[in-house]
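Asker: structure of the sequence below:
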Amino acid sequence: MNLIRKTGWLVFALALLCGLTACKEDEEDTTLPSMSGSVTFDIPSYVLKGETVTMSATGVLYPTDIQYKWYISGVYSDTLAFSRVTVRFPDSLGVFSVSAFAFASGFYSTSTTQTVTTIDTTWNTSLTGLYRSRNSFVDPRDGHCYGYVTLSGIDWFTQNLAWQGTGVPFKASKATAPLFGSFYTWQEAVEGNACPEGWRVPSQDDWISLSAVLNGGQPLDFYSNWPQLGERASADARMNEERMWSYTPDNLHTNDVGWNALPLGYTFADTGGGTFTGVNTYGCWWSATEKNAEQAFYRYIYSESGDFPMSYTSKKDLRASVRCVRTHPQS
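Answerer: Okay, the predicted model is just below:
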């Protein structure tokens with residue numbers, strides 16, 4: 001937080017200095033015109049520590065003789081005076097503020113600021129507090145390794161599917177896929193066969209089988225709220241030392257069978273994956289079971305409750321997480 005406060009004061013000071021300079025250039029005018037348009041630039045919300053990223057500032061439509069400058073907290077001690085810059089982030093975990101400014105003589109300056117979090121995808125480094133299974137499966141399509149647990153004759157991934165042949169990674173940041181997986185519409189997950197060969201999106205029967213394991217051997221109806229089973233399936237994990245689930249005594253995230261549920265929220269197909277809802281509050285996972293031709297079921301965990309309810313939504317709009325399953329080979 002101190003870094004963020006210092007960055008805020010520096011941005012304020014730079015803006016104030018630019019305003020004073022503009023006033024000195026034309027002391028008779030006390031009010032300057034504003035630029036048309038807003039500064040925009042693309043940068044992922046998450047990058048790997050030490051990763052190099054190229055950014056281009058644009059967006060101001062008038063005037064045309066714009067000068068862009070950059071300030072990146074904790075990376076460079078001075079501004080960078082180019083519209084396109086290549087930045088190497090530190091080899092450390094943290095949150096960095098990236099600001100792009102637009103200047104033109106005789107106009108008020110304008111700016112945009114985004115935050116970037118550096119992460120390390122090595123096990124138990126950025127993401128901590130998860131159960132690590134001794135069983136693993138390597139997806140031959142991309143070489144990604146998944147842990148899995150065998151529960152009542154069914155093998156369950158202990159992390160979300162991360163295949164990027166379809167769907168989108170968390171907050172459209174590819175660096176997060178090894179930790180959080182990707183997010184898929186039902187059509188992408190089920191009809192698009194997103195799970196590796198030999199694995200499937202869990203059916204109604206697969207979910208009921210999981211309920212029995214979480215519920216002391218007693219299966220629950222697929223359509224019920226599964227009281228307290230969300231608490232037993234979710235992990236009290238931390239991301240860069242920050243707790244992921246919002247704390248409540250009603251859900252202590254005991255992670256009894258190593259299912260490792262995380263509160264990554266959900267997104268929609270028409271957002272491109274950059275906008276997520278319910279982060280730190282909800283986790284959502286598809287079922288292969290359809291409600292009708294347009295809708296399908298999913299289960300979710302809410303941070304304020306220990307339950308693991310079922311709901312349904314459009315097959316083509318919502319993007320949620322996927323846990324792949326298979327019948328255990330020795331069953």
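Asker: low-scoring stretches of the stretch 1-150 of the chain, by residue?
Answerer: Confidence mapping of the stretch 1-150 of the chain against pLDDT under 70 gives the ranges 1-30.
Asker: all the strands of it, residue numbers only.
Answerer: For the stretch 1-150 of the chain, the strands defined by DSSP state E, counting those that start in this stretch occupy 36-40, 46-48, 52-56, 58-62, 67-72, 84-88, 94-103, 110-119, 127-128, 136-138, 145-151.
Asker: just checking, residue 156 touches residue 323?
Answerer: Yes - Residue 156 is in contact with residue 323 according to Cβ atoms under 8 Å; the separation is 6.0 Å. To be clear about C-beta, it is placed using only N, CA and C from the backbone, and glycine gets the same treatment.
Asker: overlap in contacts, these two.
Answerer: Counting by Cβ atoms under 8 Å, 6 or more residues apart in numbering, the residues touching both residue 156 and residue 323 are residue 202.
Asker: all helices for the stretch 101-250 of the chain, in order.
Answerer: 177-180, 186, 204-214, 229-233 (DSSP state H, counting those that start in this stretch).
Asker: what distance do you get for the nearest residue to residue 100 once chain neighbours are set aside to residue 326?
Answerer: With sequence-adjacent residues excluded and distances taken as Cβ to Cβ, 6 or more residues apart in numbering, residue 100 is closest to residue 57, at 4.2 Å. Using Cβ to Cβ, to the nearest Å, residue 57 is found at 48 Å from residue 326.
Asker: and residue 109, by the same measure?
Answerer: Residue 109 is 58 Å from residue 326, by Cβ to Cβ.
Asker: then residue 80?
Answerer: For residue 80, the distance to residue 326 - Cβ to Cβ - is 51 Å.
Asker: could you do residue 192 as well?
Answerer: Taken as Cβ to Cβ, the span from residue 192 to residue 326 is 18 Å.
Asker: ok, the two, which is more surrounded?
Answerer: residue 326 (21 against 14; other Cβ atoms under 10 Å).
Asker: tell me the contacts of that one?
Answerer: Residue 326 makes contacts with 154, 155, 198, 199, 200, as judged by Cβ under 8 Å, 6+ apart.
Asker: which strand residues bridge it?
Answerer: residue 155 (DSSP bridges).
Asker: show me the domain layout of this protein.
Answerer: What automatic domain parsing lists as the domains of the chain is 2-119, 127-327.
Asker: of the ones you listed, flag the one that's most buried.
Answerer: domain 127-327 (a mean of 19; mean count of other Cβ atoms under 10 Å).
Asker: got the end-to-end distance for that one?
Answerer: Domain 127-327 has an end-to-end distance of 29 Å (Cα to Cα, to the nearest Å).
Asker: quick one, phi psi at residue 122?
Answerer: Here is the backbone geometry of residue 122 (degrees, to the nearest 10): phi -60, psi 140.
Asker: any idea how far residue 128 is from it?
Answerer: As for residue 122, its distance to residue 128 is 11 Å (criterion: Cβ to Cβ).
Asker: ditto for residue 144
Answerer: 20 Å.
Asker: didn't residue 34 look like it was pressed against residue 110?
Answerer: Yes - when contacts are counted by Cβ under 8 Å, residue 34 is listed as touching residue 110 (7.3 Å).
Asker: state the distance from residue 202 to residue 155.
Answerer: Applying Cβ to Cβ to residue 202 and residue 155 gives a distance of 11 Å.
Asker: what do the two both touch?
Answerer: Counting by Cβ under 8 Å, 6+ apart, the residues touching both residue 202 and residue 155 are residue 325.
Asker: same list (the strands of the stretch 1-150 of the chain) but as TSV, adding distance to residue 289.
Answerer: Shown next, in TSV, are those (distance: least, Cβ to Cβ, whole Å):
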stretch	distance to residue 289
strand 36-40	42
strand 46-48	32
strand 52-56	41
strand 58-62	45
strand 67-72	47
strand 84-88	46
strand 94-103	40
strand 110-119	34
strand 127-128	30
strand 136-138	24
strand 145-151	18
